[in-house]
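>>> Fold the following for me, if possible:
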Amino acid sequence: MKNEDRSYLYLILFHVVVGALGYLLPFTAKIYGYSIFIFGIYYIVKKQNRNNEALIAAAYVVGSEVFLRMTGGNPLYEISKYGVVLFVLIGMYYSGFSKGAIPYWIFLLLLIPGVIISTFVLNFDTNIRKAIAFNLSGPVCLGLASLYTFRRKIGLDQMNTILLSMGLPIISCVAYLILYTPDLQEVITGTESNFQTSGGYGPNQVATVLGLGMFIFFSRVILDSKTKFQIIINLILALNITYRGIITFSRGGMITGFLMIVLLLAFLYFKSNFGGRAKLNYIIVFLVFAMFVTWTFTSFQTGGLIDKRYANQDAAGRAKESQFTGREDVALNEINTFLKNPIFGVGVGKGVEVREDETGIRVSSHDEITRMLAEHGSLGVLALLILFFTPLVLYLENKFNMFLLCFVAFWFLTINHAAMRTAAPAFVYSLSLLNVQLRSSRRKSVVEEE
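All right, here's what the predicted structure looks like:
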């Protein structure tokens with residue numbers, strides 16, 4: 001076995017052990033959680049961010065977030081978003097930020113009026129600080145991370161390293177799920193999202209991070225497997241993550257991950273020459289076969305219930321009235337709230353209270369787009385337009401960035417079904433703004449000046 005294969009295998013096994021210890025000795029999850037932030041700061045400061053260590057550390061935090069939440073290892077619930085912010089700020093201290101990132105300064109400024117309004121309109125018994133932090137930690141994380149990544153030149157090798165850093169803790173999550181999940185025949189009796197197969201945690205968030213992990217390791221099979229050994233390891237990881245994600249019975253994250261893979265393959269196919277397309281044809285056929293086998297195995301393990309889940313049927317095969325488990329009602333309520341308050345919205349965090357007053361049900365939004373409309377009004381519309389169109393403009397400038405459309409798709413689809421509950425959509429979005437270079441980049445990165 002080559003040294004690089006051995007090192008890679010040890011890295012994988014270490015994270016398998018971390019996941020196993022999180023299940024067998026729960027207190028180790030706390031140690032792991034605190035260590036990530038302590039060593040992350042040390043790593044960036046020691047290296048002085050010469051090779052974008054800030055992004056590598058932030059990616060690791062993002063990948064570990066759901067695992068730490070399900071094991072109680074997070075020092076604070078929203079600590080991962082704050083960790084990303086802290087790491088990119090340290091990165092800015094050493095490497096600066098783009099002077100051309102004006103769209104994201106505007107984006108951050110557009111959030112302020114909603115905060116001011118909320119201090120006047122939130123109910124007396126509401127914790128204003130928590131209400132604002134819960135709803136704005138994601139957008140602020142996105143904005144600050146984007147200030148750092150906007151047009152920053154980075155090599156493809158560095159991008160793959162960042163993605164690997166995000167994927168490694170997801171392996172720990174999968175190891176934990178394998179040990180936590182009981183016999184499927186005992187716990188899968190219907191077609192609803194399943195907490196037992198999701199580590200006892202929210203299936204929506206778990207499927208989101210597993211869908212992202214599925215994409216990361218499939219992309220490594222294609223782009224960053226230097227030996228046959230690494231191809232086999234990455235494929236095994238990708239298929240295991242896929243299986244674990246499917247049996248959460250939460251569809252949004254897995255559909256998003258699958259679409260990211262399709263976008264990546266489509267990009268590579270159309271950018272390749274004849275010889276490259278011939279190789280990709282073999283890869284595509286093999287991946288389709290592997291996915292088919294994985295789905296068939298999952299269907300057998302769940303007694304066909306997973307097929308009914310994705311067909312929007314209940315266990316008896318009857319079509320469900322709602323395709324989105326009632327989330328469309330919340331989204332419609334927020335659209336109506338926006339139409340009643342179209343200029344500045346109702347204020348950050350007030351949407352939940354308005355919905356409770358009108359429906360008698362207190363439920364947070366799962367759709368960041370409609371939440372922005374309801375709570376920020378027309379300023380929210382402008383903020384969303386900035387987020388949507390800026391990376392597309394960058395794509396026209398640098399059409400080599402094979403990950404850009406994948407990352408934007410992940411952000412857009414994730415905020416439509418899981419809002420910004422986790423740091424993943426914010427951070428992955430910011431990666432779409434990087435100026436990816438084909439050349440190796442083992443020197444201090446340079447922010448492109450305008």
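>>> got a list of what residue 108 touches?
Applying Cβ atoms under 8 Å, 6 or more residues apart in numbering to residue 108 gives the contacts 140, 143-144. Just so you know, the C-beta spots here come from the backbone N, C-alpha and C atoms, and that holds for glycine as well.
>>> Does the closest residue to residue 192 other than its chain neighbours belong to a helix, a strand or coil?
Leaving out its chain neighbours, the residue that sits closest to residue 192 by Cβ to Cβ, 6 or more residues apart in numbering is residue 249, at 6.5 Å. Secondary structure for residue 249, judged by DSSP: H, G, I helix; E, B strand; the rest coil, is coil.
>>> wait, isn't residue 249 in contact with residue 310?
No. The criterion here is Cβ atoms under 8 Å, and residue 249 misses it with residue 310 at 9.2 Å.
>>> For those two, work out which one has more neighbours and name it.
Just comparing residue 249 and residue 310: by other Cβ atoms under 10 Å the higher neighbour count belongs to residue 249, 23 against 15.
>>> Contact partners for that one?
188, 191-194, 197, 203, 305-306, 309.
>>> In helices, which of those fall?
Using DSSP state H, the subset of the contacts of residue 249 located in helices is 203, 305-306, 309.
>>> pLDDT weak spots in the chain?
Within the chain, the stretches with pLDDT under 70 are 321-326, 439-450.
>>> ok, for the residue most central in space within it, nearest residue in space, not its chain neighbours?
Nearest residue to the geometric centre of the chain (Cα atoms, centre = their mean): residue 424, 3.0 Å. Spatial nearest neighbour of residue 424, chain neighbours left out: residue 62 (5.3 Å); criterion: Cβ to Cβ, 6+ apart.
>>> Which helix or strand lies directly C-terminal to the host helix or strand of the one you found?
Assigned by DSSP states H and E, residue 62 falls within helix 53-71. Sequence order places helix 79-95 as the next helix or strand after helix 53-71, per DSSP H and E.
>>> what angle do that next one and helix 53-71 make?
Per axes from the mean of the first three to the mean of the last three Cα atoms, to 10 degrees, the angle that helix 79-95 makes with helix 53-71 is 170 degrees.
>>> Buried residues, the helix or strand following helix 79-95. List them.
Downstream of helix 79-95, the next assigned helix or strand under DSSP H and E is helix 102-110. Buried positions in helix 102-110, judged by neighbour count with 16 or more other Cβ atoms under 10 Å: 103-104, 107-108, 110.
>>> How far away from the center of its chain is helix 102-110?
Remark: helix 102-110 is offset 22 Å from the chain centroid, using Cα atoms, centre = their mean, to the nearest Å.
>>> Alpha carbons of that helix, as PDB, please.
Provided in PDB are the C-alpha atoms of helix 102-110 (Å, rounded to 0.1, in the frame of the first residue of the first chain):
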ATOM      1  CA  ILE A 102     -19.800  45.300  -2.600                       C
ATOM      2  CA  PRO A 103     -22.900  43.100  -3.300                       C
ATOM      3  CA  TYR A 104     -22.400  41.300   0.100                       C
ATOM      4  CA  TRP A 105     -21.800  44.500   2.000                       C
ATOM      5  CA  ILE A 106     -25.200  45.700   0.600                       C
ATOM      6  CA  PHE A 107     -26.700  42.300   1.500                       C
ATOM      7  CA  LEU A 108     -25.600  42.700   5.100                       C
ATOM      8  CA  LEU A 109     -26.900  46.300   5.300                       C
ATOM      9  CA  LEU A 110     -30.300  45.200   4.000                       C
END
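>>> Put the alpha carbons of stretch 148-164 into PDB.
Extracted in PDB, the C-alpha atoms of stretch 148-164 (Å, rounded to 0.1, in the frame of the first residue of the first chain):
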ATOM      1  CA  TYR A 148     -13.900  36.400   2.300                       C
ATOM      2  CA  THR A 149     -14.400  34.100  -0.700                       C
ATOM      3  CA  PHE A 150     -15.600  36.700  -3.300                       C
ATOM      4  CA  ARG A 151     -13.300  36.200  -6.400                       C
ATOM      5  CA  ARG A 152     -10.500  34.800  -4.200                       C
ATOM      6  CA  LYS A 153      -8.200  32.700  -6.400                       C
ATOM      7  CA  ILE A 154      -7.900  29.200  -5.300                       C
ATOM      8  CA  GLY A 155      -6.500  26.000  -6.900                       C
ATOM      9  CA  LEU A 156      -8.600  23.000  -7.700                       C
ATOM     10  CA  ASP A 157      -6.400  21.000  -5.300                       C
ATOM     11  CA  GLN A 158      -7.300  23.400  -2.500                       C
ATOM     12  CA  MET A 159     -11.000  23.200  -3.300                       C
ATOM     13  CA  ASN A 160     -10.800  19.400  -3.100                       C
ATOM     14  CA  THR A 161      -9.100  19.700   0.300                       C
ATOM     15  CA  ILE A 162     -11.800  22.000   1.500                       C
ATOM     16  CA  LEU A 163     -14.500  19.500   0.400                       C
ATOM     17  CA  LEU A 164     -12.600  16.600   2.000                       C
END
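>>> Need the contacts of residue 108 in CSV (columns: secondary structure, neighbour count and distance to residue 297).
Compiled in CSV, the contacts of residue 108 are given as follows (DSSP: H, G, I helix; E, B strand; the rest coil; neighbours: other Cβ atoms under 10 Å; distance: Cβ to Cβ, whole Å):
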residue, secondary structure, neighbour count, distance to residue 297
140, helix, 19, 42
143, helix, 26, 42
144, helix, 21, 42
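>>> Just give me the closest of these to residue 359.
residue 140 (28.7 Å; Cβ to Cβ).
>>> number of nearby residues for the residue nearest to residue 424?
There are 30 residues near residue 62, going by other Cβ under 10 Å.
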